[in-house]
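[1] Output the structure for:
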Amino acid sequence: MADESPLISSLRTAVAAAPGDVPLRLHFAELLLSEGRNEEAVAEAAVALQHAPGDAAARALMMRAMGVPSTSTPEPGPAPVQPPVVEKPEAPTQAPAPTEAPAPSDPAPAFDWAAAEQQVQDLVGPRFLEDPQAEGGEGAAGDAAAWDVDAPGAVRLADVGGMEEVRDRLEAAFLAPMRNPELRRLYGKSLRGGLLLYGPPGCGKTFIARAVAGELGANFLTVSLSDVLDMWIGASEKNIHDIFETARRQAPCVVFLDELDALGAKRSRTHHSGLRNVVNQLLTELDGIASGAGNEGVFVLAATNVPWDVDIALRRPGRLDRTLLVLPPDAAAREAILRYHLRERPIEAVDLGKLVKVTEDFSGADLAHLCESAAEAALLDSARSGSVRLITTKDLLGAAKQIKPSTEPWFAAARNVAMFANEGGLYDDLLAYLKRKRKL
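    The predicted structure follows:
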């Protein structure tokens, strides 16, 4: 706020950086209360009570901020010794007069917690979200209605920082034919088939898949190995079928097969018949044979770090026949990722240009870890010195020196595949990147 004092502004930043520090939050609330900002003080005290339910200081502060007179509750101790009661003899002609106890002082009104909760319900959300089960208990395994389908999200390809080559390839190979049905019919372009995203871990393959779903205005259904495997014979294959049936009913829908190398591993290397049957069922569903109407409106995306371990039948034309290499973020993408992870942290004069230069080959996950490490260093210094210190470029550069890019082991393994197992040019784009980066 423009009219805030520097002290309150600094404390607001410190509380945002350490939301679980209850004493710091209560100190901030006391300052707000001293300046007459009672509603803000009530909100801060309520958040403190979320982190420390029953905290007496937080309750007392909230009562003062809400204008409720505080009461001094005596500490529990041994009950006072009462003097012996001397019974008076009863009079023969009248009932004994009741002995009147000394009039107690007027009790202070009890704090109305229900009223307090109503006053702050718009400021502070509930601590736990109740998720009552549907009538009849949890959905049984294999029930198509039990699969969670996310509604169309707000993420678009424009939200993917940098990565111009990836976005252009997606537009040409996947999105343009879907957005232009007239041109698609003119050129005889089929919507069959899917897209396989591959590359080093932590480079945003899942985020890109959600962005594609957002561009299409489609629902989003994520599938991993744990969603499919079942101990009962035939149940895993039925799970695969139910997933695709759900997607067909919720069309347009993007089915995202995460970690495809686990879900669709090469059958020649699979010793367990159950996993081989899962791959067989997945092939059937990708062809849309069992549905009768095919997979119209169902768009299949898959992601893997090791495409060379995926069954070759999954990559034949009409299935996952298009591949897209998702590489570590380029300079523009790294700057966007760093800005995102520093947006709510207390920073001071951070030189993003220097950070971008020293984070070559860092994945998105590496950059998030870098920001986390720099924040830890500043937090530790603040705890030791007793005064809040902002995150600086020095903290971020120091964290960058301590972190080794997690993409290096992946490129070491992928280099051999690109050089000696590039059947049919499957990894030409990877080979070109390695040559451009002089990694061969």
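[2] So what are the sheet partners of the helix or strand containing V255 and their directions?
    Using DSSP states H and E, V255 maps to strand 253-257. Partner strands for strand 253-257, per DSSP bridges, with pairing direction: strand 219-223 (parallel), strand 298-304 (parallel).
[3] Please report the distance of L196 from R184.
    The gap separating L196 from R184 is 21 Å, by CB to CB, to the nearest Å. Any C-beta I mention is one placed from the backbone N, CA and C, and that applies to glycine too.
[4] Name the residue in the two with the higher neighbour count.
    More crowded of L196 and R184, by other CB atoms under 10 Å: L196, with 24 against 15.
[5] I'd assumed R319 was in contact with the more buried one.
    No. Contact criterion CB atoms under 8 Å: L196 and R319 do not qualify, at 9.3 Å.
[6] isn't V42 right next to A65, touching?
    Yes. With contact defined as CB under 8 Å, V42 counts as touching A65 (4.6 Å).
[7] circling back to that earlier point, what about the strands paired with strand 253-257, which gets the closest to A400?
    Closest of the strands paired with strand 253-257 to A400 is strand 298-304, at 26.9 Å (criterion: CB to CB).
[8] count of neighbours near A14?
    Based on other CB under 10 Å, the number of other residues close to A14 is 21.
[9] okay, how far is it across stretch 31-41, tip to tip?
    Terminal residues of stretch 31-41 lie 8 Å apart, using CA to CA, to the nearest Å.
[10] Repeat that for stretch 197-211.
    Stretch 197-211: ends 13 Å apart by CA to CA.
[11] For that stretch, which residues meet the burial criterion?
    Neighbour-count burial for stretch 197-211 flags 197-205, 208-211 (criterion: 16 or more other CB atoms under 10 Å).
[12] Next, format those as CSV and append pLDDT.
    Formatted as CSV, those follow (pLDDT from 0 to 100):
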residue, pLDDT
L197, 92
Y198, 93
G199, 92
P200, 93
P201, 91
G202, 90
C203, 89
G204, 87
K205, 89
I208, 87
A209, 86
R210, 86
A211, 86
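[13] Narrow the residues you listed to those in helices?
    K205, I208, A209, R210, A211 (DSSP state H).
[14] Identify, from those residues, the entry nearest to E372.
    Among these, K205 lies closest to E372 (CB to CB), at 21.2 Å.
[15] Give the full set of residues in contact with that closest one.
    Neighbour list for K205: L197, Y198, G199, A303, V326 [criterion: CB atoms under 8 Å, 6 or more residues apart in numbering].
[16] swap the cut-off to 6 Å and go again
    Neighbouring residues of K205 by CB atoms under 6 Å, 6 or more residues apart in numbering: L197, A303, V326.
[17] Check I240 too.
    Applying CB under 6 Å, 6+ apart, the residues near I240 are V228, Q281, L282, E285.
[18] name the element the last one belongs to?
    Counting by DSSP H and E, the secondary-structure element that holds E285 is helix 273-287.
[19] Off-centre distance for stretch 412-426?
    34 Å (CA atoms, centre = their mean, to the nearest Å).
[20] neighbouring contacts of it?
    Outside stretch 412-426, the residues within contact range by CB under 6 Å, 6+ apart are W308, Y427, L430, L431.
[21] in what helix or strand does the closest residue in space to the first one that isn't next to it in sequence lie?
    When the adjacent residues along the chain are set aside, W308 lies closest to V417, with 5.1 Å between them (CB to CB, 6 or more residues apart in numbering). Assigned by DSSP H and E, V417 belongs to helix 408-420.
[22] what angle do the helix or strand that that helix is followed by and helix 408-420 make?
    As assigned by DSSP H and E, the chain's next helix or strand after helix 408-420 is helix 428-436. In terms of direction (axes from the mean of the first three to the mean of the last three CA atoms, to 10 degrees), helix 428-436 departs from helix 408-420 by 110 degrees.
[23] Surely E372 is within a strand?
    No. Read with DSSP: H, G, I helix; E, B strand; the rest coil, E372 is helix and lies in no strand.
[24] which stretches of the protein aren't confidently modelled?
    Along the chain, the parts satisfying pLDDT under 70 run over 1-3, 68-113, 116-148, 152-154, 162, 190-193, 289-294, 439-440.
[25] Quick one: residues contacting the residue nearest the centre of it.
    Residue closest to the average C-alpha location in the chain (CA atoms, centre = their mean): F207, at 11.3 Å. By CB under 6 Å, 6+ apart, F207 lies in contact with nothing.
[26] how close does it sit to M66?
    43 Å.
[27] got it, and A43?
    Going from A43 to M66 by CB to CB gives 11 Å.
[28] Secondary structure element holding the spatially closest residue to E35 that is not a sequence neighbour?
    Counting by CB to CB, 6+ apart, I8 is the residue found nearest to E35 once chain neighbours are left out, at 7.3 Å. If you go by DSSP H and E, I8 is part of helix 6-17.
[29] got a list of contacts for that helix?
    Counting by CB under 6 Å, 6+ apart, R25, F28, L31, P346, V388 sit against helix 6-17.
[30] Keep only those of those residues that are in helices.
    Counted as lying in helices by DSSP H, out of the contacts of helix 6-17, are R25, F28, L31.
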